[in-house]
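Colleague: Just the structure for this:
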Amino acid sequence: MANNYVALEPRQFEAYSQAIESAGGEIRALSGDVSALVWTDYAAPAALAQAVKENPQLRWVQLPFAGVDAFSSTISAFPDVVFTSAKRSYSEPVAEHAMMLCMALGRKIPERVRATSWGKKYADSLFDENLVIVGGGGIAQQLVDLLAPMRTKVTVVRKRLEAPFENSRYSKVVGFDQLDQVLAEAKFVVLACALTQETRFLFDAARFAKMRSDAYLVNVARGEVVNQEDLVAALNAGELAGCATDVTYPEPLPEDHPMWRTENLLITPHTADTMTIVTRLFAQRLVENVSAWLAGRDLVGVVDPELGY
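Modeller: Numbering: from 1, shown residues only. Got it, this is the predicted structure:
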């Protein structure tokens with residue numbers, strides 16, 4: 001690299017500044033001699049697009065989260081710029097959250113926290129059960145590893161089959177063309193995929209009809225992977241045993257939304273990875289990628305514009 005300048009925009013965080021500097025970078029305001037940009041605001045995709053347009057010298061942009069659906073048009077518009085996401089940075093806490101939601105559903109926690117009487121004895125276990133993960137990234141891999149001691153029979157549905165999971169004798173990988181087939185067998189279904197045109201409203205009334213009526217759905221992906229109106233209808237009709245979601249559309253979910261009044265639905269407010277967790281883990285990714293950028297090595301988390309993640 002010609003220099004070690006890195007811009008940190010539009011907001012600076014001490015943890016990120018320290019990470020960049022510890023990797024050998026020098027933080028500079030975005031200008032004509034800065035070719036690397038760390039973007040820190042997921043809610044400002046238009047501002048990023050403008051910044052890249054006004055700075056044609058940029059060659060690398062690091063995005064702050066694993067999902068990059070909000071930046072997809074910008075990524076496509078500037079093919080000469082390498083965009084990296086934080087994919088796989090937050091896999092551990094999100095997989096942990098997904099596992100917790102599965103266990104909460106199986107143990108009827110949404111029902112019990114509302115209960116005012118003893119009720120019936122009931123529980124579904126993850127041990128030796130069939131579970132499908134939709135999405136084959138870092139969250140899925142981490143969840144497979146977490147479930148291995150439980151002997152959970154995991155099927156991962158992913159777009160690319162050339163990189164099968166390793167180190168788990170309880171997992172198999174299939175393509176999206178087999179999604180409906182494996183759904184029919186699954187007790188638990190976890191959504192951990194990127195939001196793309198292919199996955200938007202992937203789970204709707206037709207897909208819920210493919211699932212077992214005693215199945216549980218967990219969403220730690222993006223809200224729009226699920227058609228929320230169809231979800232509420234399916235739950236109220238008893239077509240699913242329950243659902244837990246950490247993501248909705250919009251966010252925050254309005255207080256008068258029907259989802260809040262759906263008894264067998266558990267909602268967490270996008271807390272699979274909190275700001276405290278994100279800050280710590282993203283700082284680690286910055287150390288890794290800034291070091292690689294300055295040394296001319298391969299970057300981690302490069303976004304494929306065609307795939308959208």
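Colleague: Domains in this protein, by residue range?
Modeller: Using automatic domain parsing, the domain ranges for the chain come out as 5-88+275-295, 91-267.
Colleague: Let's have these in JSON lines, adding mean neighbour count.
Modeller: Any C-beta I mention is one placed from the backbone N, CA and C, and that applies to glycine too. Below are those laid out as JSON lines (neighbours: other C-beta atoms under 10 Å):
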{"stretch": "domain 5-88+275-295", "mean neighbour count": "18"}
{"stretch": "domain 91-267", "mean neighbour count": "18"}
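Colleague: of all these, which lies closest to Leu307?
Modeller: domain 91-267 (7.0 Å; C-beta to C-beta).
Colleague: Could you tell me the end-to-end distance of that closest one?
Modeller: Length of domain 91-267, first residue to last, C-alpha to C-alpha, to the nearest Å: 20 Å.
Colleague: residues contacting Met259?
Modeller: Gln228, Leu231, Val232, Thr248, Leu253, Leu265, Ile267 (C-beta atoms under 8 Å, 6 or more residues apart in numbering).
Colleague: Tabulate those residues (JSON lines), appending pLDDT, secondary structure and distance to Val290.
Modeller: Shown next, in JSON lines, are the contacts of Met259 (pLDDT from 0 to 100; DSSP: H, G, I helix; E, B strand; the rest coil; distance: C-beta to C-beta, whole Å):
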{"residue": "Gln228", "pLDDT": "98", "secondary structure": "helix", "distance to Val290": "39"}
{"residue": "Leu231", "pLDDT": "98", "secondary structure": "helix", "distance to Val290": "41"}
{"residue": "Val232", "pLDDT": "98", "secondary structure": "helix", "distance to Val290": "45"}
{"residue": "Thr248", "pLDDT": "98", "secondary structure": "coil", "distance to Val290": "34"}
{"residue": "Leu253", "pLDDT": "98", "secondary structure": "coil", "distance to Val290": "36"}
{"residue": "Leu265", "pLDDT": "96", "secondary structure": "strand", "distance to Val290": "42"}
{"residue": "Ile267", "pLDDT": "98", "secondary structure": "strand", "distance to Val290": "37"}
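Colleague: Residue nearest the middle of this protein, spatially speaking?
Modeller: Residue closest to the average C-alpha location in the chain (C-alpha atoms, centre = their mean): Ala221, at 4.2 Å.
Colleague: returning to that earlier point: export the domains of the chain to JSON lines and tack on distance to Leu307?
Modeller: Output for the domains of the chain, formatted as JSON lines (distance: least, C-beta to C-beta, whole Å):
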{"stretch": "domain 5-88+275-295", "distance to Leu307": "10"}
{"stretch": "domain 91-267", "distance to Leu307": "7"}
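Colleague: What pairs with the helix or strand bottoming out on mean pLDDT in the chain, parallel or antiparallel?
Modeller: Lowest by mean pLDDT, DSSP states H and E among the helices and strands of the chain is strand 171-174, with a mean of 88. Note on strand 171-174: by DSSP bridges, its sheet partners are strand 153-157 (parallel).
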